[in-house]
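[1] need a structure here:
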Amino acid sequence: MFDHNGRFQPRPFPVMDTKIIRRVFASIVNPPYRGVPWLILGYVVFCSLMLPYGGVYTRHLVGYDDQVRMVDILDWVNGAGWYDHTIMRANPPEGFATIWARLVDAPFALIILIAQNFVAQRTAALVAAAIVPLLYIAVLFAWAAPYFARPLVGKSQARLIGLFIAFTSILNLKYFSLSGFMIGQVSHHPWYVILNLTMFGAAARLAMGSVSYAPVFMLGGSIALLTAVGIEGYPIIAGAVGVLACVAWAANRPFVAARAALGVMCGAVASLLLLPLYQPPANFFAVSFAEPSILGPILIAVAATFLVIETFLLRRFTRRGITAFVLVIVACLFAAGLVTAFPDILNGAAAGLSPQERKLALDTHIEAQSIFKVGRTLAESIGLIVPMFMALAAGAWATGTARNGRRRAMFFCYLGFTALTFFMSALFCRYYHHAMTSSCAWLLWLWEKFKQRLKRNIHYSLFAAAGFVALGPFWMLLLPDIGANAPITTSILLFPAAFQAETDLCDTRPAAQYIDAHYPPDTLLIVPQWLSEHMLYQSDVRIDFVSNYPSHNKFIDNYAFFDTTDPDVARGIAQRHAVDLVAICTAARLYIPGAPLAQQSFAGRLETGQVPSWLTPIDASIPNYRLYRIDKKKLYQQGWP
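    Got it, this is the predicted structure:
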């Protein structure tokens, strides 16, 4: 600090220190690539800062789950109980009961409690929605993804899987941006991705015959947390158990089945111990098909029992044909017993819905459609499935050519996970991220094999970069954007913040602000279902319907109110629900040009000024919005009770 003359000599600024720069650079380009996850995290932050005119910057959250969940979190922060998940402002008088556990809410609530000491609570909520997804990304790239990939590609290469995951498995199917990990999201999906990676990674280690108890406890802990987050994890857990059972049978290794049984049983016990996190004592033994319940520990215990039986059979019989036959019989008996005990289990989350509402759920929710049907263009459809096919081909080739028994079992395990999740996404695209997460390990393995053949090529770096793009980013990012003629900057180079660059012509904030300023909180507002969650989050009034299930058949009434061609049908719904205000977005273009009035929907009529006598237009001068006040006196005239 001081020279020999006693004069102060400032130290060089650390950022300009060439040694530090060299170390950072070396951590990115040299094994074990410890700097790669932080490089990706920095890239995400950079993209968000470069596009500061959407998302949380304009006080918006991303999607349905994010907005409804934040309302639930704010209710909790403001005094609602741990088990109180009913939003009384939505779907009155019953209220809207969310199906999410507080476990996922806790990080957001903690940051809100801290930040609201310095800024308004609504601003604190946006701060939490910006910070928590970045924390999820850090966990994903720095720990969960490398843990998953290490048995397949080795410790020195494992962190590079973050590159493939960033450009493939966490892409949002609607915006082709980061899904669940995007700034402005308040979602449980990152938990599924992270926990699936740890569960699959632990299972792969068990398939190799690991004698350590670490993967046993990692498997059990991941399973327990998956059941605590939500029911989407149930099929993945069952599939993982099935893959481990197949590996143990194919390799004829009862030790693998025994260790897997121990890990799954640990998961059953841990999930039972975690039950108080999401169910009050009075509901401990209540079975639910829409939210975490005692059903989770029951299903996991059944899976563990199956593995115990397999262990006994593998030790008792030397002929694998006999073992396979008995195991199929046992699996069928277990499945029949579960269906007999819980008949609604076949309907999954739609178990509590009426037949008409169940049909609407399957027809209108993109997550309930096959991955083969969700592509908006041919380029998108091709890009969604090609990486998975490449991963399946790589896994089949590696498994078939492996000479070492332990490696063959490990290859078969990874291949099983890829095939399982690909099949599940073919049924419901909500499992697409799980399928691509499994595929990313094989894509990285392919890339490493490709690079090994290029080591003596003078254009090694160029070909390696081109190979990486061809294995993932080309199909998942470049091809869809080229097909859509999308801008290079916002859709490709800065894709983690692509959602922020989108202009929402039906922005609900101006309408919500006007309503809050002119009407009391007990006002009941009805809007089209695709605006319901926005109005719930942005306004303080009651919302007649929030688009989710079960909704006490209000989903049906909401569709009928705006889509009916008979104004009397809409009038009857307004009367039964005691609605006070109606709002529509004219930018949705609901009016059909050239069609006769009798074929126009009620919303289309309102868009063109065809207003019935019981609705009074409100002169609010809100861009792209029209508001109407219901005249209760006229509403009940002409024979209405």
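[2] quick one, strands of the protein?
    86-87, 96-97, 524-526, 542-543, 581-585, 615-618, 625-630 (DSSP state E).
[3] now those in CSV, with mean pLDDT and mean neighbour count?
    (Glycine included, C-beta is placed from N, CA and C.) Written out in CSV, the entries for these read as follows (pLDDT from 0 to 100; neighbours: other CB atoms under 10 Å):
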stretch, mean pLDDT, mean neighbour count
strand 86-87, 90, 18
strand 96-97, 84, 21
strand 524-526, 95, 24
strand 542-543, 94, 25
strand 581-585, 93, 24
strand 615-618, 92, 16
strand 625-630, 93, 20
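[4] so for Leu244, which of those sits nearest?
    Proximity of the strands of the chain to Leu244 was assessed by CB to CB; the nearest stretch is strand 96-97, lying at 35.5 Å.
[5] now do the domain split for the chain, please.
    Here the domain assignment for the chain is 188-352, 509-635, based on automatic domain parsing.
[6] among those, show the one with the smallest mean pLDDT.
    Mean pLDDT is lowest for domain 509-635 among those, at a mean of 87.
[7] ends of that domain, how far apart?
    In domain 509-635, first residue to last residue: 29 Å (CA to CA, to the nearest Å).
[8] ok, now which ones touch the residue nearest to the spatial centre of the chain?
    The structure's the chain has its C-alpha centroid closest to His189; by CA atoms, centre = their mean the separation is 3.0 Å. Taking CB atoms under 8 Å, 6 or more residues apart in numbering as the criterion, His189 is in contact with 65, 179-180, 433.
[9] mind running it again at 10 Å?
    When the contact criterion is CB atoms under 10 Å, 6 or more residues apart in numbering, the partners of His189 are 65, 104, 136, 170, 172, 179-181, 229-230, 232, 430, 433.
[10] now do Ser179
    The neighbours of Ser179, taking CB under 10 Å, 6+ apart as the test, are 62-63, 169-173, 185, 187, 189-190, 193, 432-433, 499.
[11] for the residue lying closest to Ser381 once chain neighbours are set aside, give me its contacts.
    Among residues not flanking Ser381 along the chain, Gly375 sits closest, at 3.1 Å (CB to CB, 6 or more residues apart in numbering). Counting by CB under 10 Å, 6+ apart, Gly375 makes contact with 173, 381-385, 429, 480, 483.
[12] also Asp544?
    Contacts for Asp544 were tallied using CB under 10 Å, 6+ apart; they are 90-92, 524-527, 532, 535, 554, 557-558, 561, 573-574, 577-582.
[13] can we see that at 6 Å?
    Contacts here follow CB atoms under 6 Å, 6 or more residues apart in numbering; on that basis Asp544 touches 524, 526, 577, 579.
[14] tell me what the second one is bridged to.
    Pointing back at Ile526 there. Beta-bridge pairing of Ile526, defined through DSSP bridges, involves Val582.
[15] any idea how far Asp566 is from it?
    Relative to Asp566, Ile526 is positioned 17 Å away (criterion: CB to CB, to the nearest Å).
[16] cool, the first one as well?
    Summarising the geometry, the distance separating Leu524 from Asp566, computed by CB to CB, is 22 Å.
[17] restricted to helices, list the contacts of Gly375.
    When helices are assigned by DSSP state H, the members of the contacts of Gly375 inside them are 381-385, 480, 483.
[18] please, a ChimeraX command that selects the buried ones among these?
    In ChimeraX, the members of the ones in helices among the contacts of Gly375 classed as buried (16 or more other CB atoms under 10 Å) are selected with the following command:
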select :381,383,384,385,480,483
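[19] of the ones in helices among the contacts of Gly375, which pair is most distant in space?
    By the measure CB to CB, Ile385 and Gly483 form the most distant pair in those, at 14.5 Å.
[20] before we move on, the earlier item: ok, the residue nearest to the centre of the chain to Ile87 distance?
    Here His189 is placed at a distance of 20 Å from Ile87 (CB to CB).
[21] just Phe141 next, same as before
    The separation that Phe141 has from Ile87, given CB to CB, amounts to 34 Å.
[22] tally of neighbours for Lys634?
    15 (other CB atoms under 10 Å).
[23] that one: what's its closest spatial neighbour, skipping adjacent residues?
    If the residues on either side of it in the chain are set aside, Lys634 comes closest to Trp614, at 4.2 Å by CB to CB, 6+ apart.
[24] residues contacting the closest residue to Lys373 other than its chain neighbours?
    Counting by CB to CB, 6+ apart, the nearest residue to Lys373 once its immediate chain neighbours are dropped is Cys429, at 7.8 Å. Contact partners of Cys429, counting by CB under 6 Å, 6+ apart, are 369, 371, 374.
[25] using PyMOL, define a selection of the buried residues within those residues.
    Here is the PyMOL command that selects the buried residues among the contacts of Cys429 (16+ other CB under 10 Å):
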select buried, resi 369+371+374
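[26] closest to Arg159 among the contacts of Cys429?
    Distance to Arg159, by CB to CB, is smallest for Ile371 among these, at 27.9 Å.
[27] how close does that closest one get to Gly233?
    In this structure, Ile371 lies at 19 Å from Gly233, with CB to CB as the measure.
[28] ok, Glu357 next?
    Spatial separation of Glu357 from Gly233 under the definition CB to CB is 24 Å.
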